[in-house]
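[1] Need the 3D shape of this:
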Amino acid sequence: MTTRRVPRWAELAPLLRPKPVVLNGSRRRLGGAATVDDLRRVARRRTPRAVFDYTDGGAGAELSLARNRAAFDRVEFRPGVLRDVSDVDTSATILGASSALPLALAPTGFTRMVHHEGEVAVARAAAAAGVPYALSTMGTTSATDLAAAVPQVRRWFQLYLWRDRERSRELVRAAEAAGYEALVLTVDTPVAGTRLRDVHNGMTIPPSLTARTFLDGAVRPHWWFNLLTTEPLRFASFSNWEGTVADLANHMFDPSATIADVAWLRETWPGKLIVKGVQQADDAVAAVDAGADAVVVSNHGGRQLDRAPVPLEELPSVVAAVGDRAEVYLDGGIRTGADVVAAVGLGATAVLIGRAYLYGLMAGGEPGVRRVLDLLTAEARQTMQLLGVSSVKELTPDRVRLR
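    Below you'll find the model as predicted:
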């Protein structure tokens, strides 16, 4: 029979260790986030619905969006044991230079809408983490201003081919003058996909203050305060637009663009050229033949053609087709460091993330983006250790498979 007694204070004291009180709300929210999905939940609470859905949503019924993520659920790792993994190197070579992770931050449009610090905050976080950052043509900070604000970050400039080719040429020249190392040509957007969340929310650029958005903003006054007390939202690369994103894309983008335009850019642009939006091997071959140094296997995060091929599933065939001549990147569905490891194991040189860092930006500005990159780094390192590999170079197809 168990004998009970009254515990002594000396025995209780070590158990009573309350967490330190963090008065800074943003720091408390970010510190409590153990995953990118946790940050997504914080972002959803702190951002107006239309703005969150603009970031979070996809095209059509969002089947591509869901399938991108579901593909990573099919990943099976094949670990080796009894390897020395006390020192793990997560760095990789991207476009001839070292990156602290096999990862770059993808271009995202109208970034200051999701948080008033916008592209500058993202670039600063990228610089601190030692990874490249791609600025979008549809961004709210110009190539010149970003270079002046964050000169130490590895800068890529993303380009859509516009109907006005001379304006495209001017943007390329500005990026070259500002010291951008790479041009990212997005080729999966001849016209805009239908994003039903934006349609249902009445999403416009810039956001309009309707009765619905007013009520939504009433419980998120910090977002409206930041919007209204900082520089007005506007596109940096062209005159402001009032209307939907889809209308803007259909007005500006050129549906007649062909592979000849890749060759034209190769002649125009002296730096590295990346073609983003490749979804099958023969298009990857054509892009590399036209002068691309790298291709991104991508369906635009499920935001363009619904039911598009899933990048992770297409990756091996693209690597087999062009991997000996160009670097192959992947985006779409990446939420964890284990996802990064899986993509590299299946042949990717590196991955690009978009939504993941935008969740951090919405949740807490620059510190939120840093938190995302810290989480991905820690998760990638732990996954590599459990796999029994000590460097990114050891992430080979024999370590990863899709069930």
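[2] sec struct for residue 59, please.
    Here residue 59 is recorded as coil under DSSP: H, G, I helix; E, B strand; the rest coil.
[3] Report pLDDT for the closest residue to it other than its chain neighbours.
    Leaving aside its chain neighbours, residue 59 sits nearest to residue 193 (3.6 Å; criterion: Cβ to Cβ, 6 or more residues apart in numbering). From N, CA and C alone the C-beta is placed, and that goes for glycine too. Per-residue pLDDT puts residue 193 at 86.
[4] I'd guessed residue 104 sits against residue 156; true?
    Yes - using Cβ atoms under 8 Å, residue 104 is in contact with residue 156, at 7.1 Å.
[5] so what sits against both of those two?
    Taking Cβ atoms under 8 Å, 6 or more residues apart in numbering as the criterion, residue 104 and residue 156 both touch 132-134.
[6] Of the residues you listed, which is the most crowded?
    residue 134 (28 neighbours; other Cβ atoms under 10 Å).
[7] Now that one: which helix or strand?
    strand 133-135 (DSSP states H and E).
[8] List the buried residues in the helix or strand following that strand.
    Per DSSP H and E, the first helix or strand lying C-terminal to strand 133-135 is helix 143-149. Buried residues in helix 143-149, counted by 16 or more other Cβ atoms under 10 Å: 143, 145-147.
[9] you'd agree the residue nearest to residue 59 is in a helix?
    No - counting by three-state DSSP, residue 193 falls outside a helix, being coil.
[10] and which of the buried residues of helix 143-149 is nearest to residue 233?
    Nearest to residue 233 among the buried residues of helix 143-149 is residue 145, at 14.6 Å by Cβ to Cβ.
[11] now the helices: where do they sit in the stretch 251-400 of the chain?
    Secondary structure of the stretch 251-400 of the chain by DSSP state H, counting those that start in this stretch: the helices cover 259-268, 281-289, 311-322, 337-345, 355-387.
[12] burial of the residue nearest to residue 321 when sequence neighbours are not counted, as a residue count?
    Spatial nearest neighbour of residue 321, chain neighbours left out: residue 281 (4.0 Å); criterion: Cβ to Cβ, 6+ apart. Applying other Cβ under 10 Å, we find 18 other residues in the vicinity of residue 281.
[13] any chance you could map the strands in this structure?
    75-77, 92-94, 97-99, 103-105, 133-135, 155-159, 182-186, 272-278, 294-297, 327-331, 350-353, 400-402 (DSSP state E).
[14] Figure out which of those is closest to residue 3.
    Per Cβ to Cβ, nearest to residue 3 of the strands of the chain: strand 75-77, 49.1 Å.
[15] Check which residues of the closest one are buried.
    Buried residues in strand 75-77 (16+ other Cβ under 10 Å): residue 75.
[16] so what does it touch, helix or strand wise?
    Applying 3 or more Cβ pairs under 8 Å, 6 or more residues apart in numbering; DSSP states H and E, one finds that strand 75-77 contacts helix 337-345, helix 355-387, strand 400-402.
[17] ok, the residue nearest to residue 59 to residue 287 distance?
    Here the criterion is Cβ to Cβ, to the nearest Å. By it, residue 193 lies 21 Å from residue 287.
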